[in-house]
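[1] One predicted model, sequence on top.
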Amino acid sequence: MKKLVALAIGAGLALSACGSASAQPPAATPSSPTPSPVQTATPAQFASILSENQKVWRDYNTNIVECGIARVLGKSTADQIKVMTCGMTVVTVTLTAKNAIRDIVALPKPSPEVKKLVDRAITDLTPLSTIDAAVACKDASSEACDEKETLANGQIRDVVSMLDAWAPYMR
């Protein structure tokens, strides 16, 4: 039995000696953490927001003259319906501009490729988004609604031009 104990102790010492002789020093840990890459939104993410709303904005721009004629010269029932439609459309245009800005700024920062276009989108949509057409156009035939339409008419051209600049990124 003494032989077995001596063999076990000897084997344990031999193994521990081998282990410490071949032991490697621990790998050096970096002194500062590696910074994680800054997350950026893709051009397609921004373009998607604008693309979703561009039909409303382009249609509004296309119908400016018809809306103005119906409001100023219109006497028929069809003209009155056109005035009502234009009043509802100006509300839609201003609200979609506001929502588009909200959605754009909620994304991570833009890549350098589209940063200027994103900045331009926000700049061009902001004046349109601040027009409170929802209140003024509760009565679409009112002078207050006409004033809001006139303001939107002046702003929509910049928005359409901005959309044209985004064309390479839109589906």
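    Received the coordinates, thanks.
[2] ok, now which ones touch the residue lying closest to Val91 once chain neighbours are set aside?
    The shortest distance from Val91 to any residue other than its chain neighbours is 4.7 Å, reached at Ala133 (CB to CB, 6 or more residues apart in numbering). The C-beta positions use only the backbone N, C-alpha and C, and glycine is treated the same way. Shown in contact with Ala133 (CB atoms under 8 Å, 6 or more residues apart in numbering): Gly87, Val90, Val91, Val93, Thr94, Cys145, Lys148, Glu149, Ala152.
[3] how close does Ala133 get to Val90?
    Distance, Ala133 to Val90, by CB to CB, to the nearest Å: 5 Å.
[4] Same check on Glu143?
    For Glu143, the distance to Val90 - CB to CB - is 14 Å.
[5] Those two: which is more packed in?
    Comparing Glu143 with Val90 by other CB atoms under 10 Å, the one with more neighbours is Val90, at 28 against 9.
[6] Okay, helices next: where are they in the chain?
    Counting by DSSP state H, the chain has helices at residues 2-22, 43-62, 64-73, 77-106, 115-129, 133-136, 143-166.
[7] As a markdown table, the ones you listed with mean pLDDT would be great.
    A markdown table is the format used below for the helices of the chain (pLDDT from 0 to 100):
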| stretch | mean pLDDT |
| --- | --- |
| helix 2-22 | 45 |
| helix 43-62 | 97 |
| helix 64-73 | 93 |
| helix 77-106 | 96 |
| helix 115-129 | 98 |
| helix 133-136 | 96 |
| helix 143-166 | 97 |
